[in-house]
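Peer 1: pasted the sequence and its predicted model underneath.
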Amino acid sequence: MEVTRRDFLTLAAIASLAPGTMPEALAKALTPEALLAFEPLGNVTLLHITDTHATLLPMYYREPDTVLGVGDEQGRPPYLTGEALLRAYRIQRGTAEAYLASHLDFAELSAKYGKMGGYAHLATLVKRVRGERHGKTLLLDSGDAFQGSATALWTRGEDMLWASNQLGVDVLTGHWDFTYGPERVKELFGDQEHGGRFTGEFLAHNVKDATWGDRRFRPYTIRDVGGQRIGIIGQAFPYVAVSHPRWLIGDLSFGIEEDRIGALARELRERHGVALVVLLSHNGFAADRKLAGRVPGIDVILGGHSHDALPQPFLVGRTLVVGSGAHGKFLSRLDLDIRGGQIAAYRYKLIPVLSRYIPGDPEMAALIRRIRGPYEEKLSQVLAVSESLLYRRNNFTGTIDEVILDALLKHFDAQVAFSPGFRWGTTIIPGQPITLEDVLAHTAITYPHTWVRQMAGTEIQAILEDVADNLFHRDPYYRQGGDMLRMGGLSYAIAIHKDMGQRISDIRIGGQPLDPHRRYKVTGWASLRQTDGPPAFEVVAGHLRSLKRVRIDPPARVRTL
């Protein structure tokens with residue numbers, strides 16, 4: 001099989017040129033032609049995006065500095081960050097490749113290379129590839145496109161319905177979409193019998209009626225592409241019903257359902273004669289990797305949920321596992337040479353969507369202006385200016401989470417604050433004004449309300465142990481998504497390789513050891529129970545208005561053992 005990383009290697013090589021030649025050479029390397037440079041292969045092209053989280057405009061997005069793997073995951077992608085990641089992929093520090101792939105020097109490099117993503121810029125790339133590979137291209141989205149922004153929350157996904165239709169997404173699966181409620185999901189995406197307003201196909205074989213067991217959505221589709229029959233199975237996030245409030249989800253059940261995936265793969269091959277079976281998945285990388293080793297008959301897994309950007313596909317047996325990052329920062333292109341019902345060769349490229357160098361598609365740009373027009377004045381309200389790099393994605397904490405925690409502690413005069421370990425949320429660079437839109441980019445959910453109550457020390461420790469098991473369980477199928485719960489006013493030590501109930505130690509509140517029998521005043525937001533406190537975005541916005549300037553020096557809350 002054949003793989004190319006020509007785009008990233010070219011950028012790295014050009015960035016290593018003598019200083020005097022750098023600007024001109026770099027400008028040539030960052031043209032749309034250079035970014036898209038790709039020697040076509042075979043008869044099928046799969047374009048893939050995932051976890052855009054309703055990020056219509058270009059943004060900054062810093063990759064994590066801490067992602068810890070358990071067992072044989074250690075030291076293997078995607079559980080590599082910083083210098084270890086650069087060494088693994090032979091990336092030179094300070095290059096465009098390093099800016100895209102790692103957290104290192106992010107603030108400095110952001111000034112050099114600019115923002116990433118944006119649906120208008122994605123549209124330019126998609127149209128270009130479709131034009132070159134007419135009749136051979138499919139665009140697939142692994143989900144979490146309809147949540148994550150103010151306009152998505154206020155329109156209940158209407159903005160992303162228009163944007164996804166305009167982009168021409170062929171096939172989609174879901175996760176956060178389900179928190180808009182069953183009726184809204186049906187209106188947007190349809191069900192087994194009826195199509196919704198989404199012009200592509202929404203697939204989710206693993207979603208059914210919890211009482212009767214009836215399947216709610218189409219399990220797969222078959223597309224004729226490049227003279228080949230392609231079967232695509234949709235795998236929605238398996239843990240929607242336990243990770244989000246039941247009152248929002250309705251009477252739906254979810255799951256991984258290995259046996260059913262295997263049966264569907266066999267049905268596609270034996271009954272329908274497809275040459276390629278693709279699993280469009282929102283499981284997360286670790287679960288996809290395990291599934292690929294256990295379920296035969298899957299040729300390609302296009303994965304989402306864990307926000308991992310893999311410069312190369314991960315090969316498990318004969319299955320290619322692709323990860324395309326988050327927030328529209330990358331567009332994956334996988335060219336396949338299919339012969340005799342098998343992949344004879346493949347060529348892959350994780351295309352960086354550097355929006356400074358890729359012109360926006362005029363039609364998509366016009367649509368985005370129409371979507372945002374009624375809300376622009378409200379979204380652009382400046383609350384404060386950041387003096388620090390504010391980011392979220394990390395195993396244990398992020399600086400934007402510290403802002404949220406500080407706001408909760410202050411508003412409720414609490415001793416401890418909890419904030420969910422959400423992976424979505426864009427980055428704010430030093431000197432950037434913080435707007436209401438930025439706050440909503442980290443809090444825009446359908447259950448944003450805050451809460452405050454007394455909680456025993458034993459309960460606090462039990463919550464930490466439970467969330468740690470969710471993140472670091474040895475079996476990926478028992479990980480239900482997200483990073484570690486963010487904690488304000490509290491510090492602890494963690495041994496990720498230990499068993500449930502034994503990972504967390506040395507818990508301190510206000511610098512003093514946790515008293516298991518004492519009751520503490522605790523606050524938080526995004527509870528699975530219905531709460532009636534003010535929405536988190538109102539609390540955080542008020543906090544920022546009072547600060548005017550934000551400087552975060554993250555405390556050493558977590559010590560890994």
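Peer 2: On my side now, so go ahead.
Peer 1: which strand or helix spans Ala541?
Peer 2: Ala541 belongs to helix 536-547 when assigned by DSSP states H and E.
Peer 1: mean confidence for that helix?
Peer 2: Summarised as a single mean, pLDDT over helix 536-547 is 97.
Peer 1: repeat that for stretch 287-302.
Peer 2: Rounded mean pLDDT across stretch 287-302 is 96.
Peer 1: buried set for that stretch?
Peer 2: Within stretch 287-302, the residues scored as buried using 16 or more other Cβ atoms under 10 Å are 287-292, 295, 297-302. Where C-beta positions appear, they are placed from N, C-alpha and C, glycine not excepted.
Peer 1: columns secondary structure and distance to Met487 on top of those residues, output as CSV?
Peer 2: Listed next are the buried residues of stretch 287-302 as CSV, based on DSSP: H, G, I helix; E, B strand; the rest coil; distance: Cβ to Cβ, whole Å:
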residue, secondary structure, distance to Met487
Ala287, helix, 26
Asp288, helix, 29
Arg289, helix, 29
Lys290, helix, 29
Leu291, helix, 32
Ala292, helix, 34
Val295, coil, 37
Gly297, coil, 43
Ile298, coil, 39
Asp299, coil, 42
Val300, strand, 39
Ile301, strand, 34
Leu302, strand, 34
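Peer 1: just curious, which of those residues is nearest to Arg266?
Peer 2: Nearest to Arg266, judged by Cβ to Cβ, of the buried residues of stretch 287-302 is Gly297 at 6.1 Å.
Peer 1: about what we covered before: could you export the buried residues of stretch 287-302 as CSV, including distance to Gly524?
Peer 2: Output for the buried residues of stretch 287-302, formatted as CSV (distance: Cβ to Cβ, whole Å):
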residue, distance to Gly524
Ala287, 27
Asp288, 31
Arg289, 32
Lys290, 31
Leu291, 33
Ala292, 36
Val295, 38
Gly297, 44
Ile298, 39
Asp299, 43
Val300, 40
Ile301, 35
Leu302, 34
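Peer 1: between those, which is nearest Gln147?
Peer 2: Leu302 (19.3 Å).
Peer 1: was I right about the closest one contacting Leu276?
Peer 2: No - when contacts are counted by Cβ atoms under 8 Å, Leu302 is not listed as touching Leu276 (11.8 Å).
Peer 1: what is the longest helix along the chain packed up against?
Peer 2: Criterion DSSP state H: the longest helix present in the chain is helix 457-472. The contact analysis (3 or more Cβ pairs under 8 Å, 6 or more residues apart in numbering; DSSP states H and E) places helix 457-472 against strand 490-494, strand 504-509, strand 519-525.
Peer 1: quick check: which of these is buried the most?
Peer 2: strand 519-525 (a mean of 22; mean count of other Cβ atoms under 10 Å).
Peer 1: can you give the strand pairings for that strand, parallel or anti for each?
Peer 2: Taking DSSP bridges as the criterion, strand 519-525 forms sheet pairs with strand 416-419 (parallel), strand 450-456 (antiparallel).
Peer 1: contacts for the helix or strand harbouring Trp154?
Peer 2: Following DSSP H and E, one finds Trp154 within helix 150-155. Helix 150-155 has contacts (Cβ atoms under 8 Å, 6 or more residues apart in numbering) with 54, 56, 146-147, 159-160, 371-372, 375, 378-379, 436-437, 440-441, 444-446.
Peer 1: what residues does the longest helix of the chain touch?
Peer 2: So helix 457-472 is contacted by 68, 70, 395, 416, 418, 421, 478-485, 487, 490, 492, 494, 496-497, 500-501, 503-504, 507, 509, 514-520, 522 (Cβ under 8 Å, 6+ apart).
Peer 1: list only buried entries from those residues.
Peer 2: Among the contacts of helix 457-472, those scoring as buried are 68, 70, 395, 416, 418, 421, 479-485, 487, 490, 492, 494, 496, 503-504, 507, 509, 514, 520, 522 (criterion: 16+ other Cβ under 10 Å).
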